[in-house]
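Asker: need a 3D model of the sequence below.
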Amino acid sequence: MPSLFEPAVRDQCVSRIAKLTPDTPSKWGKFTATQMVAHLNESMRMAMGELAVAPKPTGLLRTAFVRWLIIYVLPFPKSAPTAPELLARGKSNAVELDAERALYKELLAKLAARQGSSTWPDHPAFGSMTEARWGALGAKHTDHHLRQFGI
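Answerer: Numbers count the residues shown, from 1 in each chain. Modelled structure (predicted):
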């Protein structure tokens, strides 16, 4: 399973995000390209414990087997609901997209620098998370949203 802790995966994510323009249409959902990159940025901040996201009452998602299925096996559903804390930023213009792309690269490097840390924050839906889970979930989440824009 790809992980954001693998340099080649990070490079691929950055290259794919570079292909976006403010006018790149989405195949599903309501995000603009800029909003989507801002959403990925907020997700990385959450993974590093920099953005507090209220826990969700999702008992089944917190079981080891279901969490494993979602992170490693099943595809993410299109237009699934997300935490409001991960939707707060992002406008639809080239300047903002460039800024979000630059922030994405910065946060990705910061996340990679945390590799080897023994403490990781809980996920609001999945509960307890390890470095490996956050890395795999981040790569899968990024791929999901880039496919949303055909990239």
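
Asker: identify the residue nearest the residue positioned nearest the centre of the chain in space, chain neighbours excluded?
Answerer: Geometric centre of the chain, nearest residue: Leu40, 4.1 Å, by Cα atoms, centre = their mean. With sequence-adjacent residues excluded and distances taken as Cβ to Cβ, 6 or more residues apart in numbering, Leu40 is closest to Thr142, at 5.8 Å. Using the backbone N, CA and C atoms, a C-beta is placed for each residue, glycine as well.

Asker: go ahead and confirm that neighbour touches Leu4.
Answerer: Yes. Between Thr142 and Leu4 there is a contact at 7.4 Å, judged by Cβ atoms under 8 Å.

Asker: if I look at those two, which residues touch both of them?
Answerer: When contacts are counted by Cβ atoms under 8 Å, 6 or more residues apart in numbering, Thr142 and Leu4 are jointly contacted by Cys13.

Asker: number of residues surrounding the nearest residue to Pro75 once chain neighbours are set aside?
Answerer: Residue nearest to Pro75 in three dimensions, not counting chain neighbours: His144, with 7.6 Å by Cβ to Cβ, 6+ apart. Residues contacting His144 under the criterion other Cβ atoms under 10 Å number 15.

Asker: doesn't His144 lie inside a strand?
Answerer: No. Under DSSP: H, G, I helix; E, B strand; the rest coil, His144 sits outside any strand and is assigned helix.
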